[in-house]
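Student: fold the following.
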Amino acid sequence: MSERKIPTTVISGFLGAGKTSLIRHVLATANGRRVALVINEFGDLGIDEAILRGCGDETCEESDIVELANGCICCTVADDFVPTIEALLARDPAPEHIVIETSGLALPKPLVAAFNWPEIRNRVTVDGVVAVVDGPAVHDGRFASDPAALQVQRERDEALDHESPLEEVFEDQLACADLVVLNKVDKLSVDERAQTRARLAGELRTGVKMVEAEQARIDANILLGLAAAAEDDLAARPSHHDVFDGEHDHDEFDSFVLSLGPVADPDELEARLLSAISDHDILRIKGFVNVPGKRRRHVVQAVGSRIDRYFDRDWDANETRQSRLVIIGLSPLDRAGIGAELGGV
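Tutor: Below you'll find the predicted structure:
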């Protein structure tokens, strides 16, 4: 058993597709497996890690969650990723399974390739790459590779004169996947669901399965144990960035943390968020809000014009109650304008 490679699941997916929700459900259905999490954030505030720590499940032990806050995993393999995996492997007992949540802007292939690094290649294997897809977004054509849909996007946005980098990231995630989770299907009609599945199927490699989910509820037994050994199969996983040996940058994207004061009326904040998203073409908003008189943190998650809000856990006695949001969009974001519209402090 000591010579068995520890399986690792890489979870990719565009901004707001439901990766964190998926991981929370994996933890809840892990049936006693020792699962370690590596979470990669794009932005200055580790919102996803904090959400996972607030899940209230006994499997969410702090020692089992590691965050890489130095940008995209695929850009920091030598400095951050490999040492992190080595540290997990040195634990006694070692984890039985490792789950890596990549940034929504990350390319999975360079990360999978990193499992061939000499320091770790004999001790870990990529059990599978899971791509989480926002079904309604794909149906709306925002992240589709359909040339007609892309042309519509170009006509709407004068700044687009070539294929958007968003589509390239999305296509790379699908091309590297061993399993695709079509999420938020409850927000699609039967016909829309079929149309979305057909569109995605055209991007997938032969044999890649697609499963449907509501709120990313997929049992761990479905996601873990794919035995894909993806690091040995890189040639079959095409990437737009193969010509650059996987190198890329994120100059097309911008993110910043906006601090707000106490929010007495979350409904009124949501109205302002919707206005700012429309005015500034914001892709993603996520964070926590301090609502006076409420003992719990108020979580805010926005993808395009879809906003989810809920209270997740009590504020800790030793933490400062504050309202902070990560704003992500195409570069450059009008930080001053967005701050003024949302009442930043």
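Student: these two touch, right, Val38 and His97?
Tutor: No - shown here, Val38 and His97 do not form a contact pair, counting by C-beta atoms under 8 Å, at 11.6 Å. Backbone N, C-alpha and C define where each C-beta goes, glycine included.
Student: all the helices of this protein, residue numbers only.
Tutor: 19-28, 47-53, 82-89, 108-113, 135-139, 147-156, 165-176, 190-201, 220-223, 266-280, 335-342 (DSSP state H).
Student: so which of these is nearest Ile11?
Tutor: Closest of those to Ile11 is helix 19-28, at 5.2 Å (criterion: C-beta to C-beta).
Student: tell me the mean pLDDT for the closest one?
Tutor: For helix 19-28, mean pLDDT rounds to 86.
Student: before we move on, back to that, is it possible to get TSV of the helices of the chain that adds mean neighbour count?
Tutor: Listed next are the helices of the chain as TSV, based on neighbours: other C-beta atoms under 10 Å:
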stretch	mean neighbour count
helix 19-28	23
helix 47-53	21
helix 82-89	17
helix 108-113	24
helix 135-139	23
helix 147-156	12
helix 165-176	22
helix 190-201	15
helix 220-223	18
helix 266-280	15
helix 335-342	15
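Student: now these as TSV including distance to Thr320?
Tutor: Listed next are these as TSV, based on distance: least, C-beta to C-beta, whole Å:
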stretch	distance to Thr320
helix 19-28	23
helix 47-53	13
helix 82-89	28
helix 108-113	34
helix 135-139	34
helix 147-156	41
helix 165-176	35
helix 190-201	42
helix 220-223	35
helix 266-280	19
helix 335-342	20
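Student: so how far is Val180 from Ala236?
Tutor: 16 Å (C-beta to C-beta, to the nearest Å).
Student: who's more crowded, the two?
Tutor: A count of neighbours by other C-beta atoms under 10 Å puts Val180 above the other of Ala236 and Val180, at 24 against 12.
Student: which residues touch the closest residue to that one other than its chain neighbours?
Tutor: Closest residue to Val180 apart from its sequence neighbours, by C-beta to C-beta, 6 or more residues apart in numbering: Met210 at 4.4 Å. By C-beta atoms under 8 Å, 6 or more residues apart in numbering, the contact list for Met210 reads Leu179, Val180, Val181, Leu182, Arg197, Leu200, Ala201, Leu204.
Student: quick one: low-confidence parts of the stretch 1-150 of the chain?
Tutor: 1-3, 40-49, 51-80, 104-105, 143-150 (pLDDT under 70).
Student: all strands of it, in order?
Tutor: 6-13, 35-40, 65-68, 97-101, 124-134 (DSSP state E, counting those that start in this stretch).
Student: and the fourth one, what does it pack against?
Tutor: In terms of contacts (3 or more C-beta pairs under 8 Å, 6 or more residues apart in numbering; DSSP states H and E), strand 97-101 is packed against strand 6-13, helix 19-28, strand 35-40.
Student: ok and that strand relative to strand 6-13, angle-wise?
Tutor: Relative orientation of strand 97-101 and strand 6-13, computed by axes from the mean of the first three to the mean of the last three C-alpha atoms, to 10 degrees: 20 degrees.
Student: can you list the neighbours in contact with strand 97-101?
Tutor: Counting by C-beta under 8 Å, 6+ apart, 6-11, 19-20, 23, 26, 30, 33-40, 48, 73, 85, 88, 111, 124, 127, 224 sit against strand 97-101.
Student: coming back round to it: got TSV for the contacts of Met210, with pLDDT too?
Tutor: TSV is the format used below for these (pLDDT from 0 to 100):
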residue	pLDDT
Leu179	95
Val180	96
Val181	96
Leu182	96
Arg197	94
Leu200	91
Ala201	90
Leu204	90
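Student: now, among those, which is nearest to Ser259?
Tutor: Val181 (33.5 Å).
Student: for the residue lying closest to the closest one once chain neighbours are set aside, what are its contacts?
Tutor: Nearest non-adjacent residue to Val181, counting by C-beta to C-beta, 6+ apart: Val132, 4.8 Å away. Applying C-beta under 8 Å, 6+ apart to Val132 gives the contacts Ile11, Ser12, Gly13, Ala17, Gly18, Lys19, Leu22, Val181, Asn183, Ala216.
Student: please repeat the previous calculation with a cut-off of 6 Å.
Tutor: Applying C-beta atoms under 6 Å, 6 or more residues apart in numbering, we find Val132 in contact with Gly13, Ala17, Gly18, Lys19, Leu22, Val181, Asn183.
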